[in-house]
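Q: Okay, sequence plus prediction incoming.
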Amino acid sequence: MPTTSEVIIKKATENDISLVLSFIKALAEYEQLSHEVVATQETLHNSLFGKNAVAEAIFAYYQEQPAGFAVFFHNFSTFLGRPGIYLEDIYVYPEFRNKKIGRTLLAYMARRAKKRKCGRLEWTALNWNQSAIQFYKNLGATPMQEWTTFRLTGEDLEQLAHNQKSP
């Protein structure tokens, strides 16, 4: 079994945009959501490295090969009165699974959260992805059964935005 010392975590740089996008597309294919990917290298560059960057990305390298990635951003807990980190995506290429890469990515995120004085690290998993859910539970993560995620996108987002008067 490989050791975590064989996995190296690196922060994404501006030169890594195409790699970020390739991981996003691989994740979308795995989740059977490729039709929803509209991100481009330009939009990712603006979001990750632009003047008002809103997210960060990291890579896990295994034997010098890009093997996994994570994209995350800060949120805020009013109950804790502290920031948190929301893990938007985490993905390990299938050929690199069972090599402690996912665990290493999540441990890095946990250390990052502690260093930034965050009160929590959270993410979502698709209900059908039972192997991921079991993996997260084995790490000590608690599924939040009492919460339902809601989302507005596309036309519904536009419609709500234009139906309300601005303050």
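A: Looks like it came in fine.

Q: Show me the contact partners of stretch 63-72.
A: Residues from elsewhere that reach stretch 63-72, judged by CB atoms under 8 Å, 6 or more residues apart in numbering: 6-7, 12, 19-20, 23-24, 55-62, 85-93, 96, 99, 101-102, 105, 108-109, 112. Every residue, glycine included, has its C-beta placed from N, CA and C.

Q: What are the buried residues along it?
A: By 16 or more other CB atoms under 10 Å, the buried positions in stretch 63-72 come out as 66-72.

Q: from the middle of its chain, how far away would it be?
A: Its chain's C-alpha centre and that of stretch 63-72 lie 12 Å apart, by CA atoms, centre = their mean, to the nearest Å.

Q: got it, and stretch 102-110?
A: Chain-centre distance of stretch 102-110: 11 Å, with CA atoms, centre = their mean.

Q: Tell me which entries of the buried residues of stretch 63-72 lie within strands.
A: 66-72 (DSSP state E).

Q: Present the residues you listed as TSV; the columns should include distance to Gln134.
A: Shown next, in TSV, are these (distance: CB to CB, whole Å):
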residue	distance to Gln134
Pro66	25
Ala67	21
Gly68	18
Phe69	21
Ala70	19
Val71	23
Phe72	22
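
Q: what's the closest of the residues you listed to Ala125?
A: Comparing these against Ala125 with CB to CB places Ala70 closest, at 13.6 Å.

Q: With adjacent residues omitted, what lies nearest to the residue nearest the centre of the chain?
A: For the chain, Asp89 is the residue whose C-alpha lies nearest the centre (CA atoms, centre = their mean; 2.4 Å). In space, and not counting its chain neighbours, Asp89 is closest to Val71: 4.7 Å by CB to CB, 6 or more residues apart in numbering.

Q: Check Asn129 too.
A: Glu31 (7.9 Å).

Q: quick one: low-confidence ranges for the chain?
A: Scanning the chain for pLDDT under 70 picks out 1-5, 164-167.

Q: Much appreciated, bye for now.
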